[in-house]
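Participant: I need the structure of the sequence given here:
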Amino acid sequence: MIVRNRNQKGSALLVSLMAVLVLTALAAGLAGYSGAVQKENRVEKDSTRAMYVAEAGLSMGINAVRTGAIDDTDDQIDIGSQNTPVDFSGGGYWYSVFNNHDDTMTVVASGMVAGEVVSLEAVVEQFGDGVYDSALFAGNSSNDAAYDMKFGGTGTQADRVNGNIYSGGNVKITGGALINGQIRAHGSITGGTGDTNKSQPIPDIAAMNYGTTAHYNVNSLFASATYVNHSGLGGRAFQVPESNPAHIFRRNPNDRTANTSTTPKDDYFLEDPYESVNTSATVSPSNGTRITLAGHDNNPGSNASHKVYYIDGNLWVHNSKLFNFTLYNSGSDPVQLTIVVKGNIYVSDNIMYQNANTGGLALIAMKDSAYTDSGNIYFGDPSFGTLERMDAFMYAENNFLDNNLSATGSAKVTVNGNMTAGNQVRINRDWGTQHSKLTVNYDARLTSGTITLPGLPTAAASAQGWNVVAWRVVATP
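Facilitator: Modelled structure (predicted):
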C-alpha cells in the first residue's frame with residue numbers, strides 16, 4: 001500500500017487542471033481556426049461566383065456593342081448598378097459601355113454574390129463589315145513583312161487619297177503625298193501618323209460561289225455569239241443580240257491581239273456595239289461612248305440592271321480608237337451592276353457614271369488556281385497613256401498592278417470609288433523624275449446604304465463586327 005502525502009495529491013490535481021486548461025485552449029484555437037478557414041473558403045467561393053457573374057455581365061455588355069445598342073453617336077450606356085443589379089445565378093451584375101471614338105469601346109462589368117464584388121474590363125475593336133469601307137485597302141494575304149503601300153510625288157503630281165487606308169504590311173508616304181483619312185497598318189507607318197499593329201479581314205471569295213450564284217454567266221450567254229465586224233469599235237469580234245444581257249461585251253476582237261495574245265482564256269471587252277461611238281478625248285461622262293443595259297432606254301430584253309455578271313476569262317476596258325466609256329441610262333432606274341471575273345481585269349480607258357448619284361459599278365477579279373497571273377486588276381494603257389478616270393468599286397483578290405503608267409503613260413489617274421486588294425496594291429508610278437499621280441476619292445454610298453450593288457463579297461463571317469482585344473480584372477469603379 002502506497003501512502004501519498006497531502007503535497008503529492010495537490011500537485012497531481014494542479015497538473016490535471018493545467019492539462020484541462022491547455023486542452024480547452026487548444027480546442028478553442030482549433031475551433032477558431034476552423035471557423036476562419038470556413039469563412040475564408042466561403043469568401044473565396046463567393047468571390048469565384050462573383051467572377052462568373054461578372055463574366056456574364058461582360059458578355060452581355062459586349063453583346064450590346066455587337067448588336068448596336070451603342071453606336072458612334074453615343075458616349076456611354078449603363079445597365080444596372082450596385083444598388084440595383086441585374087439578377088443572375090444567385091447574385092447580380094451591372095455594366096457600362098464607353099465609346100472611345102476610335103473604333104474601340106470599353107466594357108466594364110461587375111458581379112456581386114453575398115457582398116463579394118469582382119469587376120472586369122474588356123476592350124473591343126471594330127472591323128469593317130465589308131471590303132468597301134476604305135479608299136485603299138491591301139490585305140497582304142501573302143504575309144510579306146517587307147510590303148510597303150507607297151504614296152509619293154511632289155507639287156501637282158503628289159498623290160491624294162480622300163478616305164481611310166489600310167495596309168496589311170507597311171505604309172510609306174514621301175514627298176507631298178497626302179492622306180485625308182485614317183491610316184491603319186499591320187506594320188509600320190512612315191511619313192504620316194496612324195494606328196499600327198492592326199489586322200483586318202479579307203473576304204472569302206470562294207464562298208461567294210459566283211459561278212453558280214451570278215445572275216448571268218457571260219460565257220454561257222456567248223454560246224450562240226456571231227463573229228461580227230464593227231468599224232466604230234474596231235475589228236471583228238464575237239457579239240450577242242441587244243436583248244441579251246451580255247451584249248455590253250465583245251469577245252476576242254481581232255484588232256487587239258497584240259494585247260491579248262499572251263493572256264490565258266477568253267478576253268471580253270466592255271463596249272456596247274449597239275450604241276454610237278464617241279471619239280472625243282475630253283474626259284467627261286457626256287463625251288463617253290455609252291454602255292446601256294438590256295431593258296433600259298427602250299432596249300429590248302429584260303431589265304439587266306442590279307445584276308451580277310460572271311466571266312470565266314479576262315475583262316478589258318480598252319479600245320485603241322476610243323478614250324471614254326459611260327454607263328448610261330436616261331430613265332429613272334439607275335445603272336447598277338457587278339462584274340466578276342475569274343481571271344484579270346485590265347483598265348486602260350476611262351469608265352464613268354452618267355449619273356454620279358445613282359450609278360454604280362463593282363469590278364471583282366478572282367484568282368484562278370490554274371493560273372498564277374490571275375485575280376489582278378491592271379491600271380494603265382498598254383500602248384497609250386489614256387487612262388485618267390475610273391468610277392468604280394474595285395476588288396482584286398490578288399493585286400493591283402500597273403501597265404505602262406510610265407513617262408509615256410498616264411500622268412494622273414483618279415479613282416472615284418475605292419481600291420481593295422486581298423493581297424497588295426503594287427502600282428509602280430515612279431520612273432526617274434516622272435511620277436504618275438494617283439487620286440482616290442472614296443465613295444461612301446455603299447457603306448451609307450445610299451446605293452446597293454448585288455453580290456458584293458464581305459469579310460469572313462468569323463471576323464466581322466467587334467473583336468475582344470484586351471481583357472483584365474480591375475478595381476470596382
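
Participant: Report the secondary structure state of residue 420.
Facilitator: At residue 420, secondary structure determined by DSSP: H, G, I helix; E, B strand; the rest coil is strand.

Participant: Which residues are in contact with it?
Facilitator: 131, 132, 134, 136, 137, 139, 394, 395, 396 (Cβ atoms under 8 Å, 6 or more residues apart in numbering). C-betas here are computed from N, CA, C, even on glycine.

Participant: which of those lies closest to residue 412?
Facilitator: residue 136 (16.3 Å; Cβ to Cβ).

Participant: pLDDT wise, what is the closest residue in space to the closest one that isn't next to it in sequence at?
Facilitator: Nearest non-adjacent residue to residue 136, counting by Cβ to Cβ, 6 or more residues apart in numbering: residue 165, 4.3 Å away. Looking at residue 165, its pLDDT reads 95.

Participant: what's the answer for residue 1, then?
Facilitator: With respect to pLDDT, residue 1 has a value of 48.

Participant: My guess is residue 412 contacts residue 159. True?
Facilitator: No - Residue 412 lies out of contact with residue 159 (Cβ atoms under 8 Å); the separation is 9.8 Å.

Participant: what about those two, which has more around it?
Facilitator: residue 159 (23 against 19; other Cβ atoms under 10 Å).

Participant: isn't that one right next to residue 436, touching?
Facilitator: No - look at residue 159 against residue 436 with Cβ under 8 Å: they stay out of range, at 9.3 Å.

Participant: Ranking by neighbours, what's the top pick from the contacts of residue 420?
Facilitator: residue 395 (30 neighbours).

Participant: Give me the next element, helix or strand, following whichever strand or helix holds that residue.
Facilitator: Applying DSSP states H and E as the criterion places residue 395 in strand 389-396. Note on strand 389-396: by DSSP H and E, the next helix or strand toward the C-terminus is strand 399-402.

Participant: what pLDDT, on average, does that next one get?
Facilitator: Strand 399-402 comes out at a mean pLDDT of 89.

Participant: Stretch 74-88 too?
Facilitator: pLDDT averaged over stretch 74-88 gives 92.

Participant: Which positions within that stretch qualify as buried?
Facilitator: Across stretch 74-88, burial judged by 16 or more other Cβ atoms under 10 Å covers 77, 79, 80, 85, 86, 88.

Participant: Output it in CSV with nothing but the alpha carbons.
Facilitator: What follows is stretch 74-88, C-alpha atoms only, in CSV (Å, rounded to 0.1, in the frame of the first residue of the first chain):
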residue,chain,number,x,y,z
ASP,A,74,-23.4,57.6,-78.0
ASP,A,75,-20.7,58.2,-75.4
GLN,A,76,-21.8,55.7,-72.7
ILE,A,77,-24.6,53.4,-71.7
ASP,A,78,-25.2,51.9,-68.2
ILE,A,79,-27.2,48.8,-67.4
GLY,A,80,-28.0,48.1,-63.7
SER,A,81,-26.0,49.4,-60.7
GLN,A,82,-24.5,48.1,-57.4
ASN,A,83,-27.7,49.0,-55.7
THR,A,84,-30.0,47.6,-58.4
PRO,A,85,-28.0,44.8,-60.1
VAL,A,86,-29.4,42.5,-62.8
ASP,A,87,-30.2,39.2,-61.1
PHE,A,88,-28.1,36.3,-62.2
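
Participant: Domains in this structure, by residue range?
Facilitator: What automatic domain parsing lists as the domains of the chain is 11-128+464-474, 136-458.

Participant: OK, contacts around residue 415?
Facilitator: 389, 390, 392, 394, 438, 439, 440, 441.

Participant: Burial check on the second one, number of neighbours?
Facilitator: So that's residue 390. Neighbours around residue 390, by other Cβ under 10 Å: 23.

Participant: ok, it touching residue 412?
Facilitator: No - in this structure, residue 390 is not within contact of residue 412 by Cβ under 8 Å, at 11.9 Å.

Participant: about what we covered before: what's opposite the residue nearest to residue 136 in the beta bridge?
Facilitator: Under DSSP bridges, the beta-bridge partners of residue 165 are residue 136, residue 183.

Participant: quick one: it from residue 425, how far?
Facilitator: 9 Å (Cβ to Cβ, to the nearest Å).

Participant: which of those two has more neighbours?
Facilitator: Applying other Cβ under 10 Å to residue 165 and residue 425 shows that residue 165 carries more neighbours, namely 28 against 23.

Participant: Give the residues shared as contacts by residue 412 and residue 159.
Facilitator: 437, 438, 439.

Participant: Going by distance to residue 371, which of these wins?
Facilitator: For the shared contacts of residue 412 and residue 159, the nearest to residue 371 is residue 438 (27.0 Å; Cβ to Cβ).

Participant: How about the contacts made by the closest one?
Facilitator: Residue 438 touches 151, 159, 160, 161, 412, 413, 415, 427, 429, counting by Cβ under 8 Å, 6+ apart.

Participant: Name the helix or strand for it, please.
Facilitator: strand 437-442.

Participant: Within the sheet, what are the partner strands of that strand, with directions?
Facilitator: Take DSSP bridges as the rule and strand 437-442 pairs in its sheet with strand 160-162 (parallel), strand 412-421 (parallel).

Participant: from the middle of its chain, how far away would that strand be?
Facilitator: Relative to its chain's centre, strand 437-442 lies at 19 Å (Cα atoms, centre = their mean, to the nearest Å).

Participant: That strand vs strand 389-396, what angle?
Facilitator: 70 degrees (axes from the mean of the first three to the mean of the last three Cα atoms, to 10 degrees).

Participant: I'd like the next helix or strand past strand 437-442.
Facilitator: helix 445-448.

Participant: Other residues contacting that following helix?
Facilitator: Contacts of helix 445-448 (Cβ under 8 Å, 6+ apart): 130, 132, 133, 360, 393, 451, 452, 453, 456.

Participant: Among these, which ones are in helices?
Facilitator: Among the contacts of helix 445-448, DSSP state H puts none in helices.

Participant: Buried ones among those residues?
Facilitator: 130, 132, 133, 360, 393, 453, 456.

Participant: In strands only, show me the residues you listed.
Facilitator: Using DSSP state E, the members of the buried ones among the contacts of helix 445-448 that fall within strands are 360, 393.

Participant: ok, which pair from the buried ones among the contacts of helix 445-448 is furthest apart?
Facilitator: Checking these with Cβ to Cβ, the most distant pair is 133 and 360, at 15.8 Å.

Participant: so where's the stretch 351-477 of the chain uncertain?
Facilitator: 381-385, 403-410, 428-429, 431-433, 458-465 (pLDDT under 70).

Participant: Assign a three-state SS to residue 61, would you?
Facilitator: Going by three-state DSSP: residue 61 is helix.

Participant: In contact with the closest residue to residue 113 other than its chain neighbours, which residues?
Facilitator: In this structure, residue 113 finds its nearest non-sequential neighbour in residue 91, 3.6 Å apart by Cβ to Cβ, 6+ apart. By Cβ under 8 Å, 6+ apart, the contact list for residue 91 reads 49, 50, 53, 85, 111, 112, 113, 114.

Participant: and what of residue 356?
Facilitator: So residue 356 contacts 285, 391, 416 (Cβ under 8 Å, 6+ apart).
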